[in-house]
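>>> Build me a model from this:
(one chain, ligands or ions: 2)
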Amino acid sequence: MKPTTHPDGHREQLTPLSGFPMLWRKVLSLVYPYHCIICQTALPLSYPHPVCFSCEEEVIFLTRETICEICGRPLASGLCNECKQRKNSFDLLRSAAIYEGKWRDIIHHYKYHGKFYLSAFLSQKLFQVYIKERLLQESDFIIPVPEHFLDRIKRGYHQTYLLAKHLGRKTGKSVITAFLRKPKRIPSQTGLPARQRKSNVRGAYRVKPDKKLKGSKVLLVDDVFTTGATINECAKQLKKNGAVKVYVLTLARGE
Ligand SMILES: [Zn+2]
Ligand SMILES: [Zn+2]
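Ligands and ions are numbered 1, 2, ... in the order given. Below you'll find the model as predicted:
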């Protein structure tokens, strides 16, 4: 299998073995058999994805027709109550799929089990959402939701930056990490009530003022949208510093 080549000539690594010539892959597969990361089914060396077809088929990707027009929450039509009350600081949020089942498992492998190479596969799903949303395409640049440097060291890579980097290559937009920082380390938000999450993130994100931000339309990239505490805090800070629109793209969202 040849690595996927994009129109801009960029080659990306979709599987751990993609970067090796076929002969090497054959040798490596003897000691490192190539399996679907979810169900462990053996995959042919030429298989282009790290997830087998049947696992991927179980993921229900969200479509425009079945979501809130602003926040992307599954909904028959129109706006959800939260968006009607204008509770969010962002202008549009889209997620590839609901955070459940196989999709949740894949994201767990990416975030918590060191499988950084999944970023190429996952960013393809972000790109598929991007090409369907005019507003996302109008953004001036991409900003990954930052993490504290100690968390980055612990994980060994910055998961939202890798997603943003691949998306930047596919869309031709620059990825800027200098504007938004996370100087405050906060405890894991998993399982905490919305109010607690909101107070935890207060002051955790800082924007470095820059003239490029003035009047800009930002595309924020994150992995999972749950209560929205992080995204709303980032959007608020970016707008305080001159951004006029903040659009958001995430791999997954809660119900
Ligand atoms: Zn599978
Ligand atoms: Zn909504």
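>>> Tell me how many other residues crowd Ile142.
25 (other C-beta atoms under 10 Å). (Glycine included, C-beta is placed from N, CA and C.)
>>> meant to ask about Ser188, not that
Around Ser188 there are 8 residues (other C-beta under 10 Å).
>>> Which segments of this protein make up each domain?
Domain assignment for the chain by automatic domain parsing gives 12-58, 62-253.
>>> list the contacts for the residue in the stretch 151-255 of the chain that ligand 2 sits nearest to?
When scored by C-beta to the ion, the stretch 151-255 of the chain has Gly228 as its residue closest to ligand 2, at 9.9 Å. Contact analysis of Gly228 by C-beta atoms under 8 Å, 6 or more residues apart in numbering lists 71, 88.
>>> Need the per-residue pLDDT for it.
We have a pLDDT of 92 for Gly228.
>>> And Lys87, by the same measure?
What the model reports as pLDDT for Lys87 is 88.
>>> Likewise for Ala42?
Reported pLDDT for Ala42: 88.
>>> for it, phi and psi?
phi -70, psi 140 (degrees, to the nearest 10).
>>> Can you tell me the closest non-neighbouring residue to it?
Spatial nearest neighbour of Ala42, excluding adjacent residues (C-beta to C-beta, 6 or more residues apart in numbering): His35 at 5.7 Å.
>>> Now for that neighbour: which residues touch it?
Residues near His35 by C-beta under 8 Å, 6+ apart: 41-43.
>>> as a whole number, average confidence for the helix or strand hosting Trp24?
According to DSSP states H and E, Trp24 maps onto helix 22-31. For helix 22-31, mean pLDDT rounds to 68.
>>> Beyond that helix, next helix or strand please.
With elements assigned by DSSP H and E, the helix or strand that comes after helix 22-31 is helix 53-57.
>>> Flag every buried residue along that next one.
For helix 53-57, burial by neighbour count (16 or more other C-beta atoms under 10 Å) applies to 55-56.
>>> Show residues contacting it.
Under C-beta under 8 Å, 6+ apart, the answer for helix 53-57 is 36, 38-39, 41, 49, 102, 106.
>>> Report the lowest-confidence entry in those residues.
For the contacts of helix 53-57, the weakest pLDDT value sits at His49, with 86.
>>> For the stretch 1-150 of the chain, which segments are assigned as helices?
Secondary structure of the stretch 1-150 of the chain by DSSP state H, counting those that start in this stretch: the helices cover 22-31, 53-57, 81-84, 101-112, 118-130, 134-137, 149-155.
>>> Could you single out the most deeply buried of the ones you listed?
Scoring these by mean neighbour count under mean count of other C-beta atoms under 10 Å gives helix 118-130 as the most buried, with a mean of 22.
>>> What residues does the stretch 1-150 of the chain have near ligand 1?
The stretch 1-150 of the chain comes close to ligand 1 at residues 36, 38-39, 52, 55, as judged by C-beta under 5 Å from the ion.
>>> Swap in 6 Å and give it another go.
Contact residues, the stretch 1-150 of the chain versus ligand 1 (C-beta under 6 Å from the ion): 36, 38-39, 41, 51-52, 54-55.
>>> Could you tell me which ranges of the stretch 1-150 of the chain sit under the pLDDT cut-off?
Residues of the stretch 1-150 of the chain meeting the criterion pLDDT under 70: 1-19, 25-26, 28-33.
>>> Contact residues of it facing ligand 2?
Taking C-beta under 6 Å from the ion as the criterion, the stretch 1-150 of the chain approaches ligand 2 at residues 68, 70-71, 73, 79-80, 82-83.
>>> What subset of the residues you listed is buried?
68, 70-71, 73, 80, 83.
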